Each structure stands twice: as C-alpha cells, then as structure tokens.
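K.L.:
what's the 3D shape of this:
(one chain, ligands or ions: 1)
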Amino acid sequence: MNADPYAWLEKSMDTVRRADWYRSPQSIESCPGSVVKLAGRRLINFASNDYLGLAGDDRLMQAAVAATKEFGTGTTGSRLVSGHRDLHRQLELAIANLKQTEDALVFSSGYLANLGAIASIVGKRDLILSDKHNHSSLKNGAMLSGATVLEYTHCNVEDLGALLDENRASSYRKCLIVTDSVFSMDGDLCPLPQLLDLAGQFNCMVLVDEAHATGVFGAFGAGCVEHFGCSGQPLIQVGTLSKALGSLGGYVAGSSVLIDFLRNRAPTWIYTTALTPADTAAALEAVKIVQQEPERRSRLQQNIKNFKYEAISNYQLPITNSLSPIFSFPLKDAATALAASSKLKEMGIFAPAIRPPTVSVSRIRISLMATHDVAHLQQLVSALRTIAQL
Ligand code: PMP
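P.N.:
Model (predicted):
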C-alpha cells in the first residue's frame with residue numbers, strides 16, 4: 001500500500017478553489033482605525049468590528065503596556081492554578097456592573113465563552129432551540145453539549161413557539177433558547193422580549209450572545225438586553241471583549257450561582273490559560289470608556305442614520321436595513337462578491353466579501369464605526385453605487 005493518506009487534502013482544496021470559496025488572510029499594516037494600511041495603501045475601513053474605534057485608542061494601549069510591565073506577558077496557567085490576577089476580577093466586576101448582573105466570568109475568547117457556557121449548562125437529556133442564523137460558536141457549543149438541537153426559522157417567534165409546543169413537554173429535562181442579539185452577518189436584532197415571554201411560558205433558559213451589541217446598544221452601552229428594557233430578567237448573557245471593547249477575550253454575565261457553576265464546570269474556562277494582563281487591562285479601560293463616553297454611541301448612531309439615508313432612501317441600494325452598524329450588500333454569487341470586494345479596494349474602500357459556507361448568500365459585509373466621518377461615508381456610498389452595476 002503506497003497510497004498517500006493525506007492526498008485528500010489537495011482534492012478538497014481544489015473543490016474549495018473551484019467554488020470561489022478559497023480564503024486567505026490579508027495583512028493590516030497599521031493601527032486599527034477608520035483608515036487602515038493594506039498592501040501599502042491607505043483604505044477606509046468598513047471591515048472591522050471595532051465599532052467605537054477603541055482598538056487603537058491610546059488609553060487602551062497605555063493600560064495594556066502598564067499591565068504588561070507590572071505582570072508580564074503571559075499568565076502562565078489557568079485561572080484556578082497560577083493564572084488568576086486581581087485584574088481579571090476587576091474586569092469581571094466591571095462587566096457585571098455594565099450588564100447590571102450579579103456577576104460575570106471572563107474567558108479567553110467569546111468563542112470559548114459560548115462553547116463552555118452552552119456545553120456545561122445543558123447535556124444529552126436536554127433540548128436546545130437555536131436560531132438558524134446563529135454564530136458558529138453557538139452552533140458548535142450546542143453540538144458539543146450533546147443536547148437535542150432544533151433550529152427555528154431566523155427570528156421567527158411563531159416557529160419557535162410551535163417547536164416548543166411540540167417538543168417541550170416530552171422527556172427533555174432542561175431547555176435552552178440560544179440566539180445572537182445582533183446577527184453578525186445581516187446586523188438584524190433578535191426579538192428578545194418575545195423570546196423571553198416564550199421562555200417564561202415553557203420554562204426555558206435563554207442564552208443571548210451580545211458580541212455585536214455590547215458598547216453599541218443601550219443608553220449605557222450594555223447591549224440589546226438594555227436596549228429592549230430586559231435588564232434584570234433571568235438571562236445568560238455572553239459576549240466578547242474583541243469588538244466594541246477593542247481587546248481580546250470573552251465573558252458570561254448572569255446570576256452569582258450561574259457564574260459559580262461555570263467556574264466549577266465550564267471546561268473552556270477551567271482548562272485553558274487565563275487571559276493576558278494586556279488584554280484584560282485594555283478591556284477594563286474600554287468598559288470604563290463605554291460607560292463614560294456615550295457620545296461615541298451617539299456618533300455611531302448618527303453614522304448609521306446618515307449611511308441609511310444616503311444608501312437606502314436616496315440611492316435605493318440593495319442593502320439590509322438594520323438598526324446596528326452591520327450592513328450586508330447581497331451579490332449573485334461568490335465570484336461576483338470577490339470581484340466587488342477588489343473593485344471596492346481600487347476605490348479606496350476595505351469591505352470583505354463573505355461567501356459560503358459562512359453565509360448562504362454571498363455578499364459584501366459593511367461595518368460602520370463611530371470614528372468614520374461624513375467624507376468616509378460619502379466615499380462608501382459612491383463606491384457601492386459602482387458595484388451595484390456588477
Ligand atoms: N459570537 C458572535 C456573534 C461573533 O460574531 C463572534 C466573533 N466573530 C463570536 C461570538 C466570537 O468572539 P471571539 O472573537 O471573541 O472569539
């Protein structure tokens with residue numbers, strides 16, 4: 001037998017290339033911001049999740065440098081062994097204060113927070129109801145838990161209600177409804193108050209992923225839970241420190257007993273190295289800024305309004321109409337989305353082509369920042385009008 005057991009890799013990559021699904025990273029050669037340097041050129045950045053413009057903020061960088069000088073680069077172990085620093089606890093208390101929850105727990109990424117939380121609170125005798133458009137970390141968390149997973153039609157409360165009616169009374173023990181609050185690809189918001197009503201009716205827990213909402217929605221920046229007036233309700237909130245908070249890491253926020261349970265049972269928290277001092281300190285600084293500078297959210301909301309007025313009302317461009325800073329410009333196939341993204345680059349705009357398998361319909365994903373100015377938005381709209389011809 002001389003067969004090469006790895007030969008399938010080349011074949012698999014040929015298939016990826018033939019479908020125009022091939023992906024590779026592009027190097028940003030500058031600090032994050034509304035304008036970034038890419039392959040030697042300065043482009044207006046509509047590709048990042050840095051909604052408040054904090055990832056390149058001097059105060060976060062100073063906090064990261066100071067924490068590194070005091071505590072070093074690595075934490076050397078997991079939180080329960082040698083990795084815990086008082087900075088982690090300060091950040092957890094700051095997140096709990098922002099979210100108006102009893103407590104919070106910081107994970108090394110939002111992905112790990114979702115995997116760990118879902119897989120530890122439900123198991124094989126339980127039921128998960130999951131929105132069809134949920135993020136990969138929620139879907140994989142659901143799979144890892146071993147629970148029965150039923151997907152409901154995107155944001156469709158009637159479908160969720162029907163699935164609950166049909167399945168909740170059967171032999172399942174616990175039931176968990178899982179949803180993004182702001183969906184990462186279309187930017188639309190989940191119907192949180194209605195989901196909570198159904199959860200109350202059918203005795204279900206609810207886990208909501210506030211990754212794209214924290215810092216962006218709510219008068220104090222707590223996210224969609226605050227935006228919908230649902231703070232204080234029985235909820236499990238998950239999120240990331242890597243989007244509006246400009247750092248790296250993730251968290252779960254909720255009741256003290258939930259957080260205590262996760263500290264004892266969530267494998268993606270127990271068995272991984274604690275978040276670095278630099279990331280922790282930068283996120284702590286960002287939470288303060290989110291609470292103390294609501295004007296950043298106002299500027300972001302103004303940019304969203306201006307962009308929608310120009311792109312949708314004025315030029316009827318076919319973009320999703322969202323309350324969030326995320327917009328999607330659907331295109332007919334993956335090749336067209338790739339061509340549109342490189343055309344945008346020629347016109348000074350950085351906005352990625354998102355293709356299957358990430359999404360079912362290829363598109364350009366646009367994300368706005370508080371730090372974009374009027375000229376940036378005008379240039380975007382004019383470039384989108386060009387790609388609308390493709
Ligand atoms: N949830 C959602 C909705 C996300 O979009 C992301 C990141 N793309 C994550 C979770 C994962 O967060 P992190 O990048 O911190 O792992």
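
K.L.:
Can you name the next helix or strand after the strand or helix carrying residue 337?
P.N.:
If you go by DSSP states H and E, residue 337 is part of helix 334-346. Following helix 334-346 in sequence order, the next helix or strand is strand 349-350 (DSSP H and E).

K.L.:
circling back: so which elements touch the helix holding residue 337?
P.N.:
strand 353-354, strand 363-367, helix 374-387 (3 or more Cβ pairs under 8 Å, 6 or more residues apart in numbering; DSSP states H and E). Where you see a C-beta, it was placed from the backbone N, CA and C, and this is true even at glycine.

K.L.:
I'd assumed residue 199 was in contact with residue 177.
P.N.:
Yes. Between residue 177 and residue 199 there is a contact under Cβ atoms under 8 Å: 5.6 Å.

K.L.:
And these two? Which one has more around it.
P.N.:
Counted by other Cβ atoms under 10 Å, residue 177 and residue 199 do not tie: residue 177 has more neighbours, with 24 against 21.

K.L.:
In three-state terms, label the more buried one for me.
P.N.:
Assigned with DSSP: H, G, I helix; E, B strand; the rest coil, residue 177 falls in the strand class.

K.L.:
Quick check: bridge partners of it?
P.N.:
residue 129, residue 206 (DSSP bridges).

K.L.:
All the strands of the stretch 201-350 of the chain, residue numbers only.
P.N.:
Assigned by DSSP state E, counting those that start in this stretch, the stretch 201-350 of the chain shows strands spanning 205-209, 236-240, 250-254, 326-330, 349-350.

K.L.:
C-alpha coordinates for the fourth one, PDB please?
P.N.:
As requested, the backbone C-alpha atoms of strand 326-330 are provided in PDB (Å, rounded to 0.1, in the frame of the first residue of the first chain):
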ATOM      1  CA  ILE A 326     -23.700  46.000  10.300                       C
ATOM      2  CA  PHE A 327     -25.000  46.000   6.700                       C
ATOM      3  CA  SER A 328     -25.000  43.400   4.000                       C
ATOM      4  CA  PHE A 329     -24.900  44.100   0.300                       C
ATOM      5  CA  PRO A 330     -26.100  40.800  -1.300                       C
END
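
K.L.:
Report the angle between that strand and helix 334-346.
P.N.:
120 degrees (axes from the mean of the first three to the mean of the last three Cα atoms, to 10 degrees).

K.L.:
Provide a list of residues in contact with the spatially most central residue of the chain.
P.N.:
Computing the C-alpha centroid of the chain and ranking residues by Cα atoms, centre = their mean puts residue 211 first, at 3.5 Å. Contacts for residue 211 were tallied using Cβ atoms under 8 Å, 6 or more residues apart in numbering; they are 110, 135, 180, 182, 184, 238-240, 243.

K.L.:
related to what we said a few turns ago, distance from the chain centre to the helix holding residue 337, please.
P.N.:
24 Å (Cα atoms, centre = their mean, to the nearest Å).

K.L.:
List of residues touching that helix?
P.N.:
19-21, 38, 41, 43, 329, 331, 350-356, 362-364, 383-384, 386-387, 390.

K.L.:
can stretch 138-158 be found next to the ligand?
P.N.:
No. Judged by Cβ under 6 Å from any ligand atom, stretch 138-158 makes no contact with the ligand; its nearest approach is 6.9 Å.

K.L.:
tell me which residues in that stretch are buried?
P.N.:
Going by neighbour count (16 or more other Cβ atoms under 10 Å), the buried part of stretch 138-158 is 138-142, 144-145, 147-152, 155, 157.

K.L.:
and if you look at stretch 266-275?
P.N.:
In stretch 266-275, counting by 16+ other Cβ under 10 Å, buried: 266, 268-270, 272, 274-275.

K.L.:
Name the nearest residue to residue 232, ignoring sequence neighbours.
P.N.:
residue 100 (6.3 Å; Cβ to Cβ, 6 or more residues apart in numbering).

K.L.:
ok, that neighbour - contacts?
P.N.:
Taking Cβ under 8 Å, 6+ apart as the test, what residue 100 contacts is 222, 226, 231-232.

K.L.:
re earlier: within reach of the ligand, which of the buried residues of stretch 266-275 are there?
P.N.:
Answer for these near the ligand: none qualify (Cβ under 6 Å from any ligand atom).

K.L.:
Mind listing the residues bridging to residue 45?
P.N.:
residue 350.

K.L.:
Show me where the stretch 1-150 of the chain has its helices.
P.N.:
Per DSSP state H, counting those that start in this stretch, the stretch 1-150 of the chain carries helices over the ranges 7-18, 58-71, 86-99, 110-121, 136-145.

K.L.:
contacts for the helix or strand of the chain with the lowest mean pLDDT?
P.N.:
Lowest mean confidence among the helices and strands of the chain (mean pLDDT, DSSP states H and E): strand 353-354, at a mean of 91. Contacting residues not belonging to strand 353-354 are listed as 185, 328, 331, 334, 337-338, 340-341, 362-365 [Cβ under 8 Å, 6+ apart].
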